[in-house]
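**Student:** Fold the stuff below for me.
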Amino acid sequence: MTAGIFWMKYAKPDTAYKMTDQKKMDSLLTVIRINAVLDNTEPLKPKKFRTYDAPKKRTNRKSFTSSIKKNYSKPQAKIQVFDINQADTTALKRLKGIGKVFSRRIVNYRNALGGFVSKKQFNEVYGLADSVILQLDTLTFISSGYHPKWIEINLFDDYDLSRHPYISKKVARAITAYRFQHGQFTSIEDLDTMHLIDSLTLARIEPYLKF
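**Tutor:** Residues are numbered from 1 along each chain as shown. Coordinates of the predicted model:
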């Protein structure tokens with residue numbers, strides 16, 4: 001009995017040995033499970049990056065359309081010749097280079113003169129370019145037999161006389177003074193005897209005088 005007990009004692013499994021093996025087994029199992037999980041995991045796909053095409057150059061449709069219209073615009077209607085002494089500012093502004101300012105200036109000078117009697121008088125309008133004067137000379141006319149507004153040389157006082165562009169205030173006073181002393185003027189020669197008006201100015205003013 002004693003011998004059996006002895007052998008049974010030594011035949012008992014070694015608990016310490018089993019615990020060590022169990023730890024090894026657990027560790028090995030853990031490794032196997034991890035590998036199994038890694039094996040079943042799908043490989044990471046490379047990340048796709050979106051590619052952007054270079055932006056296309058946009059055409060300015062408005063400017064393109066306007067340029068087409070400009071290139072294919074209708075030719076400007078031909079301007080008919082007109083009477084410069086009957087024309088208003090609207091008619092004058094049809095000419096190239098004549099806008100609101102110059103059209104008013106031409107009309108105002110014409111009214112101050114009493115009407116244009118010669119196309120040379122276009123040169124007397126302040127500020128007009130040669131190209132504008134050429135257009136006026138080409139596209140306007142003065143009616144034959146046209147009579148401008150008269151200067152009543154024997155009736156106007158010095159103020160009314162000096163309102164005409166060709167008569168200065170000094171000459172206007174001299175005319176009224178001569179008229180007071182010598183009576184009315186009868187011809188252009190009477191003005192010439194005053195020696196206050198040069199021959200060029202006298203020739204320009206003659207068409208407007210009424211004796």
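**Student:** Is Val132 in contact with Gly99, as I believe?
**Tutor:** No - under the criterion of Cβ atoms under 8 Å, Val132 makes no contact with Gly99, lying 10.4 Å away. C-betas here are computed from N, CA, C, even on glycine.
**Student:** higher neighbour count, these two?
**Tutor:** Set Val132 next to Gly99 and count neighbours by other Cβ atoms under 10 Å: Val132 wins out with 19 against 12.
**Student:** Could I get the buried residue list for the helix or strand where the more buried one lies?
**Tutor:** Under the criterion of DSSP states H and E, Val132 resides in helix 130-139. By neighbour count with 16 or more other Cβ atoms under 10 Å, helix 130-139 contains the buried residues Val132, Ile133, Gln135, Leu136, Leu139.
**Student:** Convert the C-alpha atoms of it to PDB, please.
**Tutor:** The C-alpha trace of helix 130-139 is given here as PDB (Å, rounded to 0.1, in the frame of the first residue of the first chain):
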ATOM      1  CA  ASP A 130      -9.700 122.000 -90.700                       C
ATOM      2  CA  SER A 131     -11.400 118.600 -91.300                       C
ATOM      3  CA  VAL A 132     -14.700 120.000 -89.900                       C
ATOM      4  CA  ILE A 133     -14.400 123.200 -92.000                       C
ATOM      5  CA  LEU A 134     -13.800 121.000 -95.100                       C
ATOM      6  CA  GLN A 135     -17.000 119.000 -94.400                       C
ATOM      7  CA  LEU A 136     -19.000 122.200 -93.900                       C
ATOM      8  CA  ASP A 137     -17.600 123.500 -97.200                       C
ATOM      9  CA  THR A 138     -18.500 120.200 -99.000                       C
ATOM     10  CA  LEU A 139     -21.900 119.300 -97.500                       C
END
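**Student:** So what touches that helix?
**Tutor:** 79, 81-82, 84, 95-98, 102, 106, 119, 122-123, 128 (Cβ atoms under 8 Å, 6 or more residues apart in numbering).
**Student:** Give me the secondary structure label for Ile167.
**Tutor:** At Ile167 the chain is in coil, as set by DSSP: H, G, I helix; E, B strand; the rest coil.
**Student:** Pull up the gap between the residue lying closest to it once chain neighbours are set aside and Asn108, please.
**Tutor:** Nearest residue to Ile167, sequence neighbours excluded (Cβ to Cβ, 6 or more residues apart in numbering): Leu161, at 5.1 Å. Distance, Leu161 to Asn108, using Cβ to Cβ, to the nearest Å: 19 Å.
**Student:** The two: which has the busier surroundings?
**Tutor:** Between Leu161 and Asn108, Leu161 has the larger neighbour count (other Cβ under 10 Å), namely 22 against 12.
**Student:** Helix, strand, or coil at that one?
**Tutor:** Assignment for Leu161 (three-state DSSP): helix.
**Student:** For Ser187, state which of the contacts of helix 130-139 is nearest.
**Tutor:** Lys119 (27.0 Å; Cβ to Cβ).
**Student:** Now the phi/psi pair for the closest one, please.
**Tutor:** Main-chain dihedrals, Lys119, degrees, to the nearest 10: phi -70, psi -20.
**Student:** For it, grab the count of nearby residues.
**Tutor:** For Lys119, using other Cβ under 10 Å, the count is 15.
**Student:** I figured it hits Val125, correct?
**Tutor:** No - contact between Lys119 and Val125 fails when scored by Cβ under 8 Å: they sit 11.5 Å apart.
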